[in-house]
Structures are given as structure tokens and as C-alpha cells.
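[1] A structural model of the following input is requested.
(one chain, ligands or ions: 1)
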Amino acid sequence: MKKGIALFGGTFDPIHIGHLQSALEVQQNLNLLAVRLIPSFLPPHRESPGCEAEQRLAMVRIAVANSSVLEVDDREIRRQGPSYTFDTLESIRDEVGPEIALILVLGLDSFTTLSEWHRWQDLLDSTHILVLDRPGCSWTIAPELQAKISDRMVDEASCLLQESAGLVARMQTTQLDITATDIRMRLSQRKPVGYLLPDGVSQFIEQQHIYQH
Ligand code: ATP
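    Here you go, the predicted structure:
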């Protein structure tokens, strides 16, 4: 078995317990060295985030400050420009070398859009992909994506650790029906969000007056 690192990208606008609980379960289920949370600078496939990249990064740092297995990787924010996952993967692979298994974690909602991503076919060779089920989201994927992944799918996520890259697996983590969109909406309507986010993140949002209109 190889050693593995999971890469959990996102806008994290803001980071919430749905992200964090899933990341923890992935780390533990696969006994990974770490899960790296990678906030994007400019997500290519969605509207601009509701606050500054530095604020989103700060919230991710606060959220994992006491964790020994969840790490922050700020390279997309340092790089600026469009945050293409393929570029991020290449730079991480250069650093960790060819032996470590790299596992890109995607919620099913993100995975279903993969065939629209920059260099998505090359991406399938440069990393494993671990797809997390999400409430209300079904496995409906473009035929071209299905065709590309059918001979890469493995039944057990632990099989990903037999290779460094190139396979696709699914995993069921605790289903928390929470989205950052809903949290932003609740904040703009002055509704409570206290238990959807780590305490420090709620406090940061309050201090910085973000998402409030
Ligand atoms: P938004 O509502 O703004 O689109 P989001 O809550 O979906 O945000 P993102 O930062 O866009 O969060 O997502 C980053 C990654 O985390 C994606 O792969 C997404 O599928 C996954 N994810 C988001 N929320 C959850 C959740 N509650 N449980 C599991 N995975 C999640």
C-alpha cells in the first residue's frame, strides 16, 4: 500500500462542518497522511465569491488550527489567476514525488461537472478521484465522462492506495445537508448559523462583517 494525501479543493465561501466532517472521515477511512484543504483564488466555473480570497483563506486556517490531519494549502491563492485544478495537481506532484497517492476529493455535485474542467482528461491521469455522495445529488454524468472513467472505477476506496493516480472511487461520508450558499443566505437574512460552522469561523465572519447584505 502507498502513502496517500487527499486534496480537498473548494471556494470555502465560507468553510463549514459539511466540508470538515467529510475531510476528517476521508482521512480516517483511508489512513491518509493528511487532507489538504485548498481554497481557490478564482473558481473557473462559478460566480465570484462573496468575500475576498484572503478572508476565505483565513477562515480555512481558523477551521483547521487545532487539527493534526487537516492542513491548509494556499497555493491557488498565492498563484492568483484562474484556479485550474490541473495546474494545482502538477505543482503538488512535483513536490511530493511519484510514489505518493494523490486523491482529489470531490462532492458528487462537483464531480458531475468534471468534463467541463480545464484539461479534465489529463487530470484523470494525474490524480485519483474520490467522489463523495451528497444529499439530493444523483450519479448523473455526461456520457463522455462516464466513458472515460468506466475502466478506472474501483469498488473500494482503499484500492486507491495501490497506485499513485488514475483511479476513481466513491465514498459515503456522513451526509450533512449544508451548503455555503445556504449559510451566506442565512447570514444575509440575519438567521442563526452558529452550529453550521466552527466557532472561530462564525466569530471571524461577525468581526469582518462579511455576508451581511
Ligand atoms: P456553494 O454552496 O457556495 O457552492 P459548497 O458548500 O458546495 O459551496 P464548495 O466550496 O463549493 O462548497 O465545495 C467544495 C467541495 O466540498 C466540493 O467538492 C463540494 O462538493 C464539497 N462539499 C460541499 N458541501 C459539502 C457537504 N455538506 N458534504 C460533503 N461535501 C461537501
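
[2] switch to C-alpha atoms for all contacts and neighbour counts from now on
    Noted.

[3] in this structure residue 101 contacts residue 1, no?
    No: between residue 101 and residue 1 there is no contact under CA atoms under 8 Å: 9.4 Å.

[4] so what sits against both of the two?
    Residues within reach of residue 101 and of residue 1 at once, by CA atoms under 8 Å, 6 or more residues apart in numbering, are residue 161.

[5] so what's the residue count around the nearest residue to residue 73 once chain neighbours are set aside?
    Among residues not flanking residue 73 along the chain, residue 38 sits closest, at 5.0 Å (CA to CA, 6 or more residues apart in numbering). Residue 38: 23 surrounding residues under other CA atoms under 10 Å.

[6] next SSE downstream of the helix or strand containing residue 38?
    Using DSSP states H and E, residue 38 maps to strand 34-39. Where DSSP H and E defines the elements, the next helix or strand beyond strand 34-39 is helix 53-64.

[7] at contact distance from the ligand, anything in the helix or strand that that following helix is followed by?
    Later in the chain than helix 53-64, the nearest helix or strand by DSSP H and E is strand 70-72. No: if you take CA under 6 Å from any ligand atom as the test, strand 70-72 misses the ligand, and the best it gets is 13.6 Å.

[8] let's number from 372 now, not from 1
    Happy to do that; since the first residue is 372 now, the last one works out to strand 441-443.

[9] quick one: is the helix or strand that strand 441-443 is followed by near the ligand?
    As assigned by DSSP H and E, the chain's next helix or strand after strand 441-443 is helix 446-450. No: contact between helix 446-450 and the ligand is absent, the nearest approach being 13.6 Å (criterion: CA under 6 Å from any ligand atom).

[10] helices and strands around helix 446-450, which ones?
    Other helices and strands packing on helix 446-450, by 3 or more CA pairs under 8 Å, 6 or more residues apart in numbering; DSSP states H and E, are strand 405-410.

[11] show me what from this structure comes close to the ligand.
    Counting by CA under 6 Å from any ligand atom, the chain comes close to the ligand at 380-384, 389-390, 393, 477-481, 505, 547-552.

[12] do that again at 8 Å, thanks
    The chain comes close to the ligand at residues 379-390, 392-393, 410, 420, 476-482, 503-506, 544-554, as judged by CA under 8 Å from any ligand atom.

[13] for those residues, which PyMOL command selects only the ones that are buried?
    In PyMOL, this line selects whichever of these come out buried by 16 or more other CA atoms under 10 Å:
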select buried, resi 379+380+381+382+383+384+385+386+387+388+389+390+393+410+420+476+477+478+479+480+482+503+504+505+544+549+550+551+554
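
[14] read off the pLDDT value for the residue nearest to residue 444.
    Turning to residue 409, the model gives it a pLDDT of 98.

[15] tell me what it is bridged to.
    As for beta bridges, residue 409 partners with residue 380 under DSSP bridges.

[16] who touches it in this structure?
    Residue 409 sits next to 378-381, 443-447 when contact means CA under 8 Å, 6+ apart.

[17] just want the residue of the protein that's nearest the ligand.
    In the chain, the residue that lies nearest the ligand is residue 478 (3.0 Å; CA to the nearest ligand atom).

[18] in terms of pLDDT, where does the closest residue in space to that residue that isn't next to it in sequence sit?
    Spatial nearest neighbour of residue 478, excluding adjacent residues (CA to CA, 6+ apart): residue 503 at 4.7 Å. Residue 503 carries a pLDDT value of 97.
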